[in-house]
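Engineer: Just need the structure, nothing else, for what follows:
(4 chains)
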2 protein chains.
Amino acid sequence: MSEAESSADDVRVFAATGPPRPTGDDRRRAALAERLNTATLRLARLIRREDAGLGETPARLSVVSTLVNRGPSTLADLAELEQVTPPTLTRLVQGLERDGYVIRRAAPHDARVSLVASTGRGWKLLEDIRGRRLGALRAGLAGLEPAELRTLEEAAVLMERLARG
Amino acid sequence: MSEAESSADDVRVFAATGPPRPTGDDRRRAALAERLNTATLRLARLIRREDAGLGETPARLSVVSTLVNRGPSTLADLAELEQVTPPTLTRLVQGLERDGYVIRRAAPHDARVSLVASTGRGWKLLEDIRGRRLGALRAGLAGLEPAELRTLEEAAVLMERLARG
DNA sequence: GTTAATAGTTAGCTTGGCTAAACAAAATAT
DNA sequence: ATATTTTGTTTAGCCAAGCTAACTATTAAC
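Structural biologist: Numbers count the residues shown, from 1 in each chain, chains lettered A, B, ... in the order given. Predicted structure coming up:
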């Protein structure tokens, strides 16, 4: 953290030029960042643990999930969405195609690009994923009060905003 | 989803024995599970992306983090905490030891077990991890209103409860 | 004092990430 | 119109990290 290195003089400089907010507020955000960090990672772990029973790897599940959610995509687009390099995605898609989860065809107006799409089997796989993940979450949610549900509903929106940057 | 296979008769049976709640409430939880699923995974991705700049892999960072947080541990305990098999952890620890992040010594009363502990270098590494992660989150939190911070604070507590099961 | 169980390690396989280089098609420039 | 460059994907080859099965060393049990 770079602000750990700031001296008292630095603080005065900022104060002179007008800091955005009093420091108590920043402290609050620091503490929240801490809690949100661990809470998010733990919950993510719980969700992903559910995927294990499917007999498919996370990377493969993610590709199928993306294809089902965003529709047919070029290999390069898919690589960017998955945040991996094209060679990695080529190999993943080859495996998924071999196993019948996706199909590929050349794009109509550009023979270089290959369009990838989910098959019915891919859709069914995604249903299984979602069923497991949501089942695990709903089990936990069943024990919460309406007010707590409301909090999480609002938080989910905020979290997506944070994730978007 | 097992309930996708239930027939109308099944539903009637459940109705006769008394379902726990009216369906509207359950629908709400289902929708929330959906949103929470994607929001959590996206935020987790943002957080982990910060780790990349450290030049260390996620598996290694996780081992060091666990050691710093929970103190010296046996290899088997550490393997369970990390949710990997002992051979995998053996190799990780060997690499971390070679690079000076952890040390190992035989347990005093049982020469079979080896205790692993973080070195000062390991602590420093963890500080870097936290600095980056929290920095990224705080950047996002800086744009939020006090009421929104409050929502996230409450939500973080609930999320940890969900993750605990 | 053998035999069982336990803790770690070694060996060897698979998957999924990467970069560099090849290839094929399209776009551009001369 | 042909030569060049740019673009999208693939191939080749590396490394990290997961696994199981088999081995070693130490402790515990009979």
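Engineer: Which residue is it, in chain A, that comes closest to DNA strand C?
Structural biologist: residue A:57 (2.7 Å; C-beta to the nearest atom of the strand). (C-beta placed from N, C-alpha, C; glycine too.)
Engineer: Contacts only, for the residue in chain A positioned nearest to chain B.
Structural biologist: Among all residues of chain A, residue A:155 sits closest to chain B, at 3.2 Å; criterion: C-beta to the nearest C-beta. By C-beta atoms under 8 Å, 6 or more residues apart in numbering or on different chains, the residues touching residue A:155 are B:39, B:151-152, B:154-155, B:159.
Engineer: three-state assignment of it?
Structural biologist: helix (DSSP: H, G, I helix; E, B strand; the rest coil).
Engineer: Just the pLDDT for it.
Structural biologist: Predicted confidence (pLDDT) for residue A:155: 97.
Engineer: Tell me if the helix ranked longest in chain A is near DNA strand D.
Structural biologist: Across chain A, the longest stretch assigned as helix under DSSP state H is helix A:23-51. No. Taking C-beta under 7 Å from any atom of the strand as the criterion, helix A:23-51 and DNA strand D are apart, separated by no less than 11.8 Å.
Engineer: Tell me the confidence at the residue of chain A closest to DNA strand C?
Structural biologist: What the model reports for residue A:57 is a pLDDT of 94.
Engineer: What of residue A:52?
Structural biologist: 87.
Engineer: Next: residue A:72.
Structural biologist: pLDDT, residue A:72: 97.
Engineer: The residue nearest to it when sequence neighbours are not counted in helix, strand or coil?
Structural biologist: By the measure of C-beta to C-beta, 6 or more residues apart in numbering or on different chains, the closest residue to residue A:72 outside its immediate chain neighbours is residue A:117, 3.8 Å from it. Here residue A:117 is strand, with the state taken from three-state DSSP.
Engineer: what's near enough to touch residue A:117?
Structural biologist: Here residue A:117 is in contact with A:67, A:71-72, A:102-104 (C-beta under 8 Å, 6+ apart).
Engineer: go with 7 Å
Structural biologist: A:67, A:72, A:102-103 (C-beta atoms under 7 Å, 6 or more residues apart in numbering or on different chains).
Engineer: before we move on, what about residue A:115?
Structural biologist: Counting by C-beta under 7 Å, 6+ apart, residue A:115 touches A:72, A:74, A:104-105, A:107.
Engineer: Is it bridged to anything, and to what?
Structural biologist: Beta-bridge partners recorded for residue A:115 (DSSP bridges): residue A:74, residue A:105.
Engineer: Can you give me the separation between it and residue A:100?
Structural biologist: Going from residue A:115 to residue A:100 by C-beta to C-beta, to the nearest Å gives 17 Å.
Engineer: what do you get for residue A:81?
Structural biologist: In terms of C-beta to C-beta, residue A:81 sits 22 Å off from residue A:100.
Engineer: In terms of neighbours, single out the busier of those two.
Structural biologist: residue A:81 (16 against 12; other C-beta atoms under 10 Å in any protein chain shown).
Engineer: confidence score at the more buried one?
Structural biologist: pLDDT, residue A:81: 95.
Engineer: TSV please, covering the contacts of residue A:115 and showing distance to residue A:135.
Structural biologist: As requested, these are exported to TSV (distance: C-beta to C-beta, whole Å):
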residue	distance to residue A:135
A:72	29
A:74	33
A:104	32
A:105	35
A:107	38
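Engineer: biggest separation within those, which pair?
Structural biologist: A:74 and A:105 (11.2 Å; C-beta to C-beta).
Engineer: Same drill for those two, tell me which one is more crowded.
Structural biologist: residue A:74 (15 against 10).
Engineer: tell me the contacts of the more buried one?
Structural biologist: Shown in contact with residue A:74 (C-beta under 7 Å, 6+ apart): A:107, A:113-115.
Engineer: If any of these are buried, put those into a PyMOL selection.
Structural biologist: PyMOL command restricting those to the buried ones, with burial defined by 16 or more other C-beta atoms under 10 Å in any protein chain shown:
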select buried, chain A and resi 114+115
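Engineer: Check the contacts of residue A:74 one by one and keep those near DNA strand D.
Structural biologist: Filtered for proximity to DNA strand D (C-beta under 7 Å from any atom of the strand), the contacts of residue A:74 shrink to A:113-114.
Engineer: that older thread, export the contacts of residue A:115 to a markdown table and tack on distance to DNA strand C?
Structural biologist: As requested, the contacts of residue A:115 are exported to a markdown table (distance: C-beta to the nearest atom of the strand, whole Å):
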| residue | distance to DNA strand C |
| --- | --- |
| A:72 | 18 |
| A:74 | 13 |
| A:104 | 14 |
| A:105 | 13 |
| A:107 | 8 |
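Engineer: and which of those residues is nearest residue A:23?
Structural biologist: Checking those against residue A:23 with C-beta to C-beta, the nearest one is residue A:74 at 48.7 Å.
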